[in-house]
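Colleague: sequence plus the predicted model coming up.
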Amino acid sequence: MRPAPQPTQSHPGAAPTYAPPGYPAYGAQPAAAPQPGYAPPPAQPAYAAPPAQSGYAPPPAQSAYGAYPSSGYPATAARPANPLAIASLICGIAGLVLVWAIIPVLASIAAVVTGHMALGQIKRQPETGGRGLAIAGLILGYAVVAIAAFTIVSTVISFLFVGVFTLPFLFSS
């Protein structure tokens, strides 16, 4: 039975290489002959503790997250959102989600109306917020109204140029 190969290192800190006894390790470099007057540098430990000092105390432990720098502005409470702005956004989303039914046109018109009312109230009462909600509701409402208007106009034009009753007659002949 052959003995197990022994690990060898080409220099300190190198990955060990394995070779069977009596054979050189794969990738091992032959040892260079020492040159006269050359002394290898002294081995240093991987980590050396700092020298002891009298009266030295380590710095206090700090949290992993530092404190936020002050912005110079006083902290203010969040402004309450205008209820009409919230209603505008909800109606705009409902109109977009229910685009396949009749309801989206009604919901989108409600989104446009409540959005404009909310913007007017926010302009008159600056202590209330929700301007972004009202604008988002307006955008969604106008988008669905535009899609509905395009659908209606294209349907009317197709009926005028193609004819209302031509489709059944095409299949009957």
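Modeller: Cool, the structure landed.

Colleague: from here on, contacts and neighbour counts on C-alpha atoms
Modeller: Fine.

Colleague: remind me which residues of the chain are low pLDDT?
Modeller: Applying pLDDT under 70 to the chain flags residues 1-35, 37-38, 40, 44-77, 102-103, 163-173.

Colleague: go with 50
Modeller: By pLDDT under 50, the chain has no low-scoring segment.

Colleague: state which helix of it is the longest.
Modeller: Longest helix of the chain, by residue count under DSSP state H: helix 131-162.

Colleague: buried ones in that helix?
Modeller: For helix 131-162, burial by neighbour count (16 or more other C-alpha atoms under 10 Å) applies to 131, 133-145, 148.

Colleague: and the furthest pair within the residues you listed?
Modeller: Across the buried residues of helix 131-162, the longest distance by C-alpha to C-alpha is 25.8 Å; it joins Arg131 and Ala148.

Colleague: list the buried residues for stretch 96-106?
Modeller: For stretch 96-106, burial by neighbour count (16+ other C-alpha under 10 Å) applies to 96, 99, 104-105.

Colleague: just the ones in helices from those residues, please.
Modeller: Per DSSP H, helices hold the following members of the buried residues of stretch 96-106: 96, 104-105.

Colleague: which stretches of this protein form helices?
Modeller: Going by DSSP H, the chain shows helices at 83-97, 103-124, 131-162, 166-172.

Colleague: which strands and helices sit next to the third one?
Modeller: The one in question is helix 131-162. helix 83-97, helix 103-124 (3 or more C-alpha pairs under 8 Å, 6 or more residues apart in numbering; DSSP states H and E).

Colleague: angle of the first one against helix 131-162?
Modeller: It stands for helix 83-97. With axes from the mean of the first three to the mean of the last three C-alpha atoms, to 10 degrees as the basis, helix 83-97 and helix 131-162 are set at 40 degrees to each other.

Colleague: what sits up against helix 83-97?
Modeller: Residues outside helix 83-97 that contact it (C-alpha atoms under 8 Å, 6 or more residues apart in numbering): 103-108, 110-115, 117-119, 130-131, 133-134, 136-141, 144.
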